[in-house]
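**Q** Compute the structure for the input listed below.
(4 chains, ligands or ions: 4)
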There are 2 protein chains.
Amino acid sequence: MNSAAPDVLAQRLADSGLRSTPQRELVYAVLLAKRDHPTADQVFTRVKEELPGISLATVYNCLETLVSCGLVKQVNLERESTRYCPNLHPHAHFHDEITGATHDIDLPPTIFSKLRAVLPPGYDAEGVEITFRGSAKLPAPSTSRESRTATAH
Amino acid sequence: MNSAAPDVLAQRLADSGLRSTPQRELVYAVLLAKRDHPTADQVFTRVKEELPGISLATVYNCLETLVSCGLVKQVNLERESTRYCPNLHPHAHFHDEITGATHDIDLPPTIFSKLRAVLPPGYDAEGVEITFRGSAKLPAPSTSRESRTATAH
DNA sequence: CCCTCGTTTGGAATTGTTCTAAATTGGCTT
DNA sequence: AAGCCAATTTAGAACAATTCCAAACGAGGG
Ligand SMILES: [Mn+2]
Ligand SMILES: [Mn+2]
Ligand SMILES: [Zn+2]
Ligand SMILES: [Zn+2]
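**A** Ligands and ions are numbered 1, 2, ... in the order given. Below is the predicted model:
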């Protein structure tokens, strides 16, 4: 499915003194396979297809592990389930209020310096998040096996 | 405390065919008085000082009413309690990861056009949210009766 | 092999929010 | 002034997402 991904994961885990497990690998693979910012529960459903015995608690554990390794980011656009995003490039999110879908939007690198410029002195920002809300009329997600919501790496 | 505020509220409520009540007025007054993006529970605590009999459900109801009137916005920077912001000016949020405080940051109006420029065709954004995360070393909030976190209108 | 410790697991507990059904309130009509 | 009606408030139950817990598991290392 995805080639270098497991290696990257194994490496990051090792760096943190953690083990590579089938559960962790699969959760990560599922996130990479369909980048639609799934909830923990959606990840659970997808992962169960390949590993029917996995528990929801483990999915939460694995997601937390991936976040702490820096391979995945949590996305909270509204109060409801946290969503998970494996896209490490600087990007914004577009939340389609009609469909509920969340799309990645590539950001030109210059946007960050422009944004930091609005910060008054005394404020030191480590990160910036940009979220658009609205509706997207996209060229029809095409019923091909994997609808690509996100940035191609 | 605040002069024109109740009138604005009464007006907006009337526009929506809703009644002005002591609970709604007080919840709104509390939001305007200390613009630190309180949670529903914090609003509850503050409101109880003046209206000890109020219930948490009512605070939730009033906040929802204010949001639907367009006088208050919900802020969800992370998964945890929703916070409430009565600042209607276009502004960003700075979330201090150390103190947990959330500050309003005034935005130059031009930022919106710049941001819309990054949106690919097909995306139609009605709103944009910008959130900074980091730490702020501010000139000491001064122990005066009302620490002003936000924009002075 | 067997110990140890990191990991997984199911279920209970917690947290924030919404729902529900009954009591209260306030404006209108008579 | 009394009665009526619908909006509002209220307490507590219900809910959904997540975290906690204590037991079971499993991969190495001695
Ligand atoms: Mn939405
Ligand atoms: Mn925080
Ligand atoms: Zn993303
Ligand atoms: Zn604000």
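**Q** Every contact and neighbour count from this point should use C-alpha atoms.
**A** Will do.
**Q** Just the C-alphas of the biggest strand by length in chain A, formatted as CSV.
**A** Across chain A, the longest stretch assigned as strand under DSSP state E is strand A:123-136. Below are the C-alpha coordinates for strand A:123-136, written out as CSV (Å, rounded to 0.1, in the frame of the first residue of the first chain):
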residue,chain,number,x,y,z
TYR,A,123,3.8,37.2,21.7
ASP,A,124,6.0,34.3,20.6
ALA,A,125,4.1,31.8,18.4
GLU,A,126,5.4,28.3,17.9
GLY,A,127,2.6,27.3,15.6
VAL,A,128,-0.2,28.8,13.6
GLU,A,129,-3.4,27.2,12.4
ILE,A,130,-5.6,28.4,9.7
THR,A,131,-9.1,27.1,9.2
PHE,A,132,-11.5,28.0,6.5
ARG,A,133,-15.2,27.3,6.8
GLY,A,134,-17.6,27.3,3.9
SER,A,135,-18.5,25.0,1.1
ALA,A,136,-16.5,23.5,-1.7
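**Q** Now it: average pLDDT?
**A** The predicted model gives strand A:123-136 an average pLDDT of 95.
**Q** Can you give the strand pairings for that strand, parallel or anti for each?
**A** strand A:91-96 (parallel), strand B:123-136 (antiparallel) (DSSP bridges).
**Q** winner for burial among the ones you listed?
**A** Counting by mean count of other C-alpha atoms under 10 Å in any protein chain shown, strand A:91-96 has the highest mean neighbour count of the strands paired with strand A:123-136, with a mean of 22.
**Q** Can whichever helix or strand comes after that strand be said to contact chain B?
**A** Next helix or strand after strand A:91-96 toward the C-terminus (DSSP states H and E): strand A:102-106. Yes. Using C-alpha under 8 Å from any C-alpha of the partner chain, strand A:102-106 reaches chain B at A:Ile105, A:Asp106.
**Q** which helices and strands does strand A:102-106 pack with?
**A** strand A:91-96 (3 or more C-alpha pairs under 8 Å, 6 or more residues apart in numbering or on different chains; DSSP states H and E).
**Q** what sits up against the strand it packs on?
**A** Strand A:91-96 is contacted from outside by A:77, A:101-107, A:129-136, B:125, using C-alpha atoms under 8 Å, 6 or more residues apart in numbering or on different chains.
**Q** Please tell me how far the residue of chain A most remote from its centre sits from ligand 3.
**A** When distances are taken from the C-alpha mean of chain A, A:Pro121 lies farthest, 31.8 Å away, according to C-alpha atoms, centre = their mean. Remark: distance between A:Pro121 and ligand 3 (C-alpha to the ion, to the nearest Å) = 29 Å.
**Q** That concludes my questions; thank you for your assistance.
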